[in-house]
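**Student:** fold the following.
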Amino acid sequence: MSHPIRSMQLDDLDAILAVQAASYPIPMQEPRAILRARLQAARATCAVACDGDDVCGYLFAYPSRLGAVTALGARFAIAAEADTLYLHDLALAPQAHGRGLARALVEHLLALGCARGLGHAALVSVQDTACFWRALGFRPAQPGAASSGAALASYPVGALYMVRPLPSPSTERP
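**Tutor:** The predicted structure follows:
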């Protein structure tokens, strides 16, 4: 079954904010200005899932470096010599759960990372989602520099930096 995944647009921000409000406690909700800046910085690697014409999920991602962590509420720092697709924020509206949309969003973005020749994908798992990420091939790892450790500390207790390799475009399975 194919899922309605498409590139994120500025017009999606109201719906994205609504999904975020339904998915995260207030201290983890990020402001419109930050979401807008992220989308403007990394439009090619941000996607939404739709139910008909309505946005019911999203994934913000950007080209980064292995070991780098973006703090909660921070702008994206696009790496000049990126080797990693950093998946910063994945959320689905409660009514969209259980339909495979989260996996479809992730697979869509991982395919983009592969096509760009990035060697890894990385993220910070929050809200007890490590099992979901493990099922997609991610494994716990240590963040890089001390600044990445400080960025990881901006998330609630239990946040976990996770990484997985991406196949090169020439070795990707059909």
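**Student:** which parts of this protein are strands?
**Tutor:** 5-7, 46-51, 54-64, 84-92, 120-125, 139-140, 160-165 (DSSP state E).
**Student:** the first one - what's its average pLDDT?
**Tutor:** Meaning strand 5-7. When pLDDT is averaged along strand 5-7, the result is 96.
**Student:** what distance do you get for the nearest residue to L17 once chain neighbours are set aside to L90?
**Tutor:** Distance criterion Cβ to Cβ, 6 or more residues apart in numbering; nearest residue to L17, sequence neighbours excluded, is R32 at 6.2 Å. Yep, even glycine has a C-beta here, placed from its N, CA and C like the rest. Noted for R32: a distance of 18 Å to L90, by Cβ to Cβ, to the nearest Å.
**Student:** also A104?
**Tutor:** For A104, the distance to L90 - Cβ to Cβ - is 11 Å.
**Student:** of the two, which one has the most company?
**Tutor:** L90 (25 against 19; other Cβ atoms under 10 Å).
**Student:** beta-bridge partners for the more buried one, please?
**Tutor:** Using DSSP bridges, the bridge partners assigned to L90 are L59.
**Student:** tell me the pLDDT at it?
**Tutor:** Predicted confidence (pLDDT) for L90: 97.
**Student:** same check on T171?
**Tutor:** With respect to pLDDT, T171 has a value of 53.
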